[in-house]
Structure formats: structure tokens, C-alpha cells
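Participant: fold the following, please.
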Amino acid sequence: MAGSGNKYDPLFTFLNNQTHKAELTLSFTEIETILNASLPRSARQQRGWWSNRANGGHQARAWLEAGFEVVAIDLKKETIRWQRPGLVYHIRRRGDEVMWDAPLVKALRRQMGLSQAAFARELGVRQATVSEWETAVYEPTRSSSKLLSLIAERAGFEYRTAADLEKNQDIDS
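Facilitator: Sure, this is the predicted structure:
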């Protein structure tokens, strides 16, 4: 994305540099300052302009490629709230065993840079199974959870909580 010469490159760069932020709210004015340009009228009037469509406009690619998704749009207050999907999650444990749920499965797959089909092949399950886990149709079985934990360890996947992020921010400050 960076260096592609499109108007939203500065937004990508700004968001991409927010390495320890799980969530970020910016006003339209702040976004325009980052862009050094005005937002189009549609950004101020149409919620759809802020859609998280990967094949959408250049603006969506800017935040998606920086690892953020729009989670709240307030056109009246002119603010946008972004969140890093899968950066912070609630981890349930049974003893030392991680109980895998939809956000955690999706975060692992995304960190590995795999499609659902490729992730399913890695795990030896059907793509539909991965989809059902990620949409919370059902949770992985205990044996699947153990396999997911092994794959996560091999992939260097970190189980980060909001408390972990705050601790890192305090250290970095």
C-alpha cells in the first residue's frame, strides 16, 4: 500500500505505525490532517464509505492493510473508531488449556496469513469447519483446541489481552 501513490497512503502509514494500539478513534479533521487533504462529501454523509470491504475503495485498503477495521462510525460527531481485529481477545482457559473461540481462531488464521481453505488444510479439517468456528456456529472440540494451540505455538502466535497491551504501552512510554 505505502508508496502506491494514492491519496490514502498517509492514512495507511499513520495507522500502520500504531503498533501498540488495539483501538483508535479519530475525528474527520484529524484524518484530513493526516491526509493533508479533505475527505470527500460521501465520507461525511454515507456510512458505506467507511465499509471494511477488502475490494472496496482505496480508503478501505488503507486501514485494512494497516491491520485495522472500522467498528464505529458517528457521522454526527464526525468520528471513526478503528480496532485491530484479533489483537486483543478474551482468553478462556481450562487449567493450562486454551479454550478456542471464534475471534481467537480468526486471529490465528490471519496472523498466519492463510485463507480459510489453506488454514483448514494446515489443520486437516474441512474449510466449512474453519468457517463455522470463525462465525461461532460451534467451538472447536477439546482435541481441536489442543491442535490449534500447537499450531499457534509453532506460528509464534501470542495470546494477548487488553492488560498485556496496557503493560506494553507503559513500558514503551
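
Participant: count the residues that sit near Gly95.
Facilitator: Gly95 has 4 neighbours, counted by other CB atoms under 10 Å. C-beta here means a position set from N, CA and C on the backbone, and glycine is covered the same way.

Participant: pop the domain breakdown of this structure in here.
Facilitator: 9-83, 92-167 (automatic domain parsing).

Participant: could you dump those domains into JSON lines and include mean pLDDT?
Facilitator: Below are these laid out as JSON lines (pLDDT from 0 to 100):
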{"stretch": "domain 9-83", "mean pLDDT": "90"}
{"stretch": "domain 92-167", "mean pLDDT": "84"}
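
Participant: how distant is stretch 57-73 from the center of its chain?
Facilitator: Computed by CA atoms, centre = their mean, to the nearest Å, the chain-centroid distance of stretch 57-73 equals 9 Å.

Participant: list the buried residues of that stretch.
Facilitator: Within stretch 57-73, the residues scored as buried using 16 or more other CB atoms under 10 Å are 57, 59-68, 70, 73.

Participant: identify the residues contacting the residue nearest in space to the middle of the chain.
Facilitator: The residue lying closest to the centre of the chain (CA atoms, centre = their mean) is Pro85, at 2.5 Å. Residues in contact with Pro85 (CB atoms under 8 Å, 6 or more residues apart in numbering) are Gly67, Glu69, Pro103, Lys106, Ala107, Arg110.

Participant: picking that back up, let me have the buried residues of stretch 57-73 in JSON lines, extended by secondary structure and distance to Ser149.
Facilitator: Shown next, in JSON lines, are these (DSSP: H, G, I helix; E, B strand; the rest coil; distance: CB to CB, whole Å):
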{"residue": "Gly57", "secondary structure": "coil", "distance to Ser149": "38"}
{"residue": "Gln59", "secondary structure": "helix", "distance to Ser149": "37"}
{"residue": "Ala60", "secondary structure": "helix", "distance to Ser149": "33"}
{"residue": "Arg61", "secondary structure": "helix", "distance to Ser149": "33"}
{"residue": "Ala62", "secondary structure": "helix", "distance to Ser149": "34"}
{"residue": "Trp63", "secondary structure": "helix", "distance to Ser149": "30"}
{"residue": "Leu64", "secondary structure": "helix", "distance to Ser149": "28"}
{"residue": "Glu65", "secondary structure": "helix", "distance to Ser149": "29"}
{"residue": "Ala66", "secondary structure": "coil", "distance to Ser149": "28"}
{"residue": "Gly67", "secondary structure": "coil", "distance to Ser149": "23"}
{"residue": "Phe68", "secondary structure": "coil", "distance to Ser149": "27"}
{"residue": "Val70", "secondary structure": "strand", "distance to Ser149": "31"}
{"residue": "Ile73", "secondary structure": "strand", "distance to Ser149": "36"}
